[in-house]
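Engineer: Provided below are the primary sequence and the corresponding predicted coordinates.
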Amino acid sequence: MADLSVKVAGVSFHNPLIAASGTFGFGREYGAFYPLSTLGGISCKGITLTRRDGNPPPRIAETPSGILNAVGLQNPGVDAFIRDDLPWLRQQNTVIIANIAGNTVEDYCQMAEKLSETDVDMVELNISCPNVKCGGVQFGTSPEAVEDITSQVRKYCQKPLIVKLSPNVSDIAAIAKAAEAAGADAVSLINTLTGMRIDIHTRRPVIRNNTGGLSGAAVFPVAVRMVWQVANAVRIPIIGMGGISTWEDAVEMLMAGATALQIGTVLFSDPYAPVKINEGLNRFLDENHLESVTDLTGTVKPYI
Amino acid sequence: MKYDVRQLPLLSNAEIAAGIFDMRLRWQQDDLSVACGQFAHVYVPGKALRRPISVCDVSDGVLRLVYQVKGEGTKIMSQMQPGGTVDVLAPLGNGFAVEKGKRYCLIGGGIGVPPMLYTARQCDDPLIITGFRHESLVILQDDLKALGETLLCTDDGSAGVGGFVTDLLRERIGEVDEVCACGPVPMLKAVAAVCREFGKPCQISLEERMGCGIGACLVCAVRVRQNGEEVMQHVCKDGPVFHAEEVVF
């Protein structure tokens, strides 16, 4: 029985699996399958300063080995989250990460300030949502913008701060460095890749927002590459995500340089994926005579 | 509330009309653990999303899912062979609320007909109206006849009477207390309009492309009017059945 626990920015997780924001709501639904302590942590559905209804449907379409989605940050707002969901989440014996998104830098700062007064464990700065008209990814696509918003939010955020990176950039390492320089305690990547599909019979995009975010196994190789590039560029811990579906994927992402992992899309086909991935990780560590899951982080042996 | 994914033995999976299949699975729980109008989220090997299929019937330990082959996922489902098992997350959602002592008119259009069978099983002497585009698509008539009076129509008159379910509803709505319907959105809108005209309550089952199936991912949104305010609800968890007057089409 290997040690699956990991530490990210001083926060201890009893295993490296974190539910990815947007796939897991505020946890209640998946809590009807298994205790949420099955997971090391939960990154909650992205919240905004005030309630958002999100985009009109259809909001999802299946693609080869993946899905395209454009929910558009439907959420009840930060105050409702703190009042209605956080107390319940706090009792689930797992790390609680609040994922925040905004229209303006001030929105992010206000939310960070509010959340700093709660018992949430960490804050994840969502500057990579591709599905909202205003805000979201616009803060995450240049090193200057990332440095600016991270340093502003840092002033108000008393919690460990994770910056969630968009893969829709030309130089992910430069973006990660900018987050690190501005005071981020960790980075998480990748958010979804912007994609589009068209129904050839109606000539309409298959989702109402025209474009959406691609996730699932299809994006996994892109995610591994980006995590590896970022691991070579920063010293802060990396939470790796993007299409992790099996325990082998989890091992691979850790080897690329991740300290912890987020899983999302796989939950839709197999709600029990976290249980299976943890079991597989444990077996792999035992078979390879490794005591801790942290022994895998960044151990890829790249060709020179 | 507790969810479970189960591996259900596949008993049969026959084509009952053009492109429409009748999947029968061994249901090891109590028949009554499933409410009418609920759905099953079916795992399709190799696919990122499950397929939400309405429960057609649960009787004597057999769960029936009648579905139309629409794309790759349902095509794979149609090729599943008896003797194997199917990975099913069920039952999910809020179904039709049927009360004893009320007479219901149950309306199904096309592939919206299957859930009306199990719904009919929960009703006393229902009036069942089904409509299809063409006789080649007509399904479940014998099953429905065993549970109530049935009226059949097709768009082109190739089976039953020619016309729409709303034509038949108008003639008979005076005999019933409430209407439950499942089918394409234009049909549901038309049924809701007739019910409003005659002052009868109406429940409708909606469809929307779905992700998790349990209310976590928020993709299957539907705009609903509640307490004078429009809010987003979700077909998988709040529905699939809604009060027609609350739905903002």
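Structural biologist: Great, that's in hand.
Engineer: quick one: low-confidence parts of the chain?
Structural biologist: You didn't say which chain, so I picked chain A. Where chain A drops to pLDDT under 70, the residues are A:129-137.
Engineer: Not quite, go with chain B.
Structural biologist: B:1.
Engineer: Which stretches in it count as helices?
Structural biologist: For chain B, applying DSSP state H gives helices covering B:72-78, B:114-122, B:141-145, B:165-172, B:185-198.
Engineer: by contact count, what packs against the second one?
Structural biologist: If I follow you right, that is helix B:114-122. Using 3 or more CB pairs under 8 Å, 6 or more residues apart in numbering or on different chains; DSSP states H and E, the elements in contact with helix B:114-122 are strand B:57-59, strand B:62-68, strand B:104-109, strand B:127-132, helix B:141-145, strand B:178-182. For every residue, glycine as well, the C-beta is placed using N, CA and C.
Engineer: what sits up against it?
Structural biologist: B:34, B:36-37, B:54-59, B:64-67, B:95-96, B:98, B:104, B:106-108, B:126, B:128, B:130, B:139-140, B:143-144, B:147-148, B:180, B:182, B:205 (CB atoms under 8 Å, 6 or more residues apart in numbering or on different chains).
Engineer: what about 7 Å?
Structural biologist: B:36-37, B:54-58, B:66, B:96, B:98, B:106, B:108, B:126, B:128, B:140, B:143-144, B:147-148, B:180, B:182, B:205 (CB atoms under 7 Å, 6 or more residues apart in numbering or on different chains).
Engineer: Does the residue nearest to A:Ala2 when sequence neighbours are not counted lie in a helix or a strand, and which?
Structural biologist: Excluding the flanking residues, the one nearest A:Ala2 by CB to CB, 6 or more residues apart in numbering or on different chains is A:Leu285, at 3.5 Å. Element membership of A:Leu285 [criterion: DSSP states H and E] is helix A:273-287.
Engineer: For that helix, which outside residues touch it?
Structural biologist: Contacts for helix A:273-287 (CB under 7 Å, 6+ apart): A:1-2, A:4, A:15, A:17, A:34, A:38-39, A:245-247, A:250-251, A:263, A:266-267, A:293.
Engineer: ok, 8 Å please
Structural biologist: Contacts of helix A:273-287 (CB under 8 Å, 6+ apart): A:1-2, A:4, A:15-17, A:19, A:34, A:38-39, A:244-248, A:250-251, A:263, A:266-267, A:270, A:291-293, A:295-296.
Engineer: cool, and stretch A:245-252?
Structural biologist: Applying CB under 8 Å, 6+ apart, the contact partners of stretch A:245-252 are A:16-17, A:216-217, A:220, A:224, A:243-244, A:261, A:263, A:265-266, A:273, A:276-281, A:283-284, A:296.
Engineer: how does it look with 7 Å?
Structural biologist: Contacts for stretch A:245-252 (CB under 7 Å, 6+ apart): A:217, A:220, A:224, A:244, A:261, A:266, A:273, A:276-277, A:280-281, A:284, A:296.
Engineer: Which of the residues you listed are buried, as a PyMOL select command?
Structural biologist: In PyMOL, a selection of the buried entries from the contacts of stretch A:245-252 looks like this (16 or more other CB atoms under 10 Å in any protein chain shown):
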select buried, chain A and resi 217+220+224+244+261+266+273+277+280+281+284+296
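Engineer: Now distance to A:Glu117 too, for the contacts of stretch A:245-252, in TSV please.
Structural biologist: Listed next are these as TSV, based on distance: CB to CB, whole Å:
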residue	distance to A:Glu117
A:Ala217	39
A:Phe220	38
A:Val224	38
A:Ile244	33
A:Leu261	29
A:Val266	34
A:Ala273	34
A:Lys276	38
A:Ile277	34
A:Gly280	39
A:Leu281	35
A:Phe284	41
A:Leu296	36
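Engineer: What separation is there between B:Val55 and chain A?
Structural biologist: 19 Å (CB to the nearest CB, to the nearest Å).
Engineer: cool, and B:Gly84?
Structural biologist: For B:Gly84, the distance to chain A equals 18 Å [CB to the nearest CB].
Engineer: Quick check: closest non-adjacent residue to that residue.
Structural biologist: B:Leu10 (5.3 Å).
Engineer: How about B:Val191?
Structural biologist: Spatially, and ignoring its direct neighbours in sequence, B:Val191 is nearest to B:Ala181 (4.6 Å; CB to CB, 6+ apart).
Engineer: Skipping adjacent residues, who's closest to B:Trp27 in space?
Structural biologist: B:Leu63 (3.9 Å).
Engineer: cool, and A:Gly10?
Structural biologist: Leaving aside its sequence neighbours, A:Gly10 sits nearest to A:Pro160 (CB to CB, 6+ apart; 6.2 Å).
Engineer: how about A:Gly216, what does it touch?
Structural biologist: A:65-67, A:243, A:265, B:48.
Engineer: Nearest to A:Pro87 among those?
Structural biologist: Distance to A:Pro87 across those (CB to CB) is lowest for A:Thr265, with 28.6 Å.
Engineer: Next, count neighbours for the residue nearest to A:Ala2.
Structural biologist: For A:Leu285, the count of nearby residues is 20 (other CB atoms under 10 Å in any protein chain shown).
Engineer: same question, A:Asn55
Structural biologist: Using other CB under 10 Å, A:Asn55 is surrounded by 24 other residues.
Engineer: A:Ala70 is in contact with that one, correct?
Structural biologist: Yes. Under the criterion of CB atoms under 7 Å, A:Asn55 makes contact with A:Ala70 at 5.3 Å.
Engineer: So which bits of chain B are right by chain A?
Structural biologist: Contact residues (CB under 7 Å from any CB of the partner chain) of chain B with chain A: B:1-3, B:5, B:43, B:47-50, B:208-209, B:211-212, B:214-221, B:232.
Engineer: could you flag which of those are buried?
Structural biologist: B:3, B:43, B:47-50, B:208-209, B:211-212, B:214-221, B:232.
Engineer: Of those residues, which belong to strands?
Structural biologist: Residues of those located in strands (DSSP state E): B:221, B:232.
Engineer: by contact count, what packs against the longest strand anywhere in chain B?
Structural biologist: Longest strand in chain B, counting residues (DSSP E): strand B:5-17. Applying 3 or more CB pairs under 7 Å, 6 or more residues apart in numbering or on different chains; DSSP states H and E, we find strand B:5-17 packed against strand B:20-26, strand B:85-92.
Engineer: any idea how far B:Ala192 is from the residue nearest to A:Ala2?
Structural biologist: 58 Å (CB to CB, to the nearest Å).
Engineer: ok, now A:Phe268?
Structural biologist: Distance of A:Phe268 to B:Ala192, given as CB to CB: 31 Å.
Engineer: B:Asp124 too?
Structural biologist: 24 Å.
Engineer: okay, these two: which has more neighbours?
Structural biologist: More crowded of B:Asp124 and B:Ala192, by other CB under 10 Å: B:Ala192, with 21 against 12.
Engineer: That one contacts B:Ile204, doesn't it?
Structural biologist: Yes. With contact defined as CB under 7 Å, B:Ala192 counts as touching B:Ile204 (6.5 Å).
Engineer: what's around the residue nearest to B:Arg50 when sequence neighbours are not counted, how many residues?
Structural biologist: Leaving aside its sequence neighbours, B:Arg50 sits nearest to B:His41 (CB to CB, 6+ apart; 4.2 Å). By other CB under 10 Å, the residues close to B:His41 number 27.
Engineer: ok, now which ones touch B:His41?
Structural biologist: Listed by CB under 7 Å, 6+ apart, the contact set of B:His41 reads B:50, B:52, B:89-90, B:92, B:213.
Engineer: ditto for A:Ala218
Structural biologist: A:63-66, A:243.
Engineer: what about it, which SS state?
Structural biologist: Assigned with DSSP: H, G, I helix; E, B strand; the rest coil, A:Ala218 falls in the helix class.
Engineer: For stretch A:99-107, buried residues please.
Structural biologist: By neighbour count with 16+ other CB under 10 Å, stretch A:99-107 contains the buried residues A:99-103, A:105, A:107.
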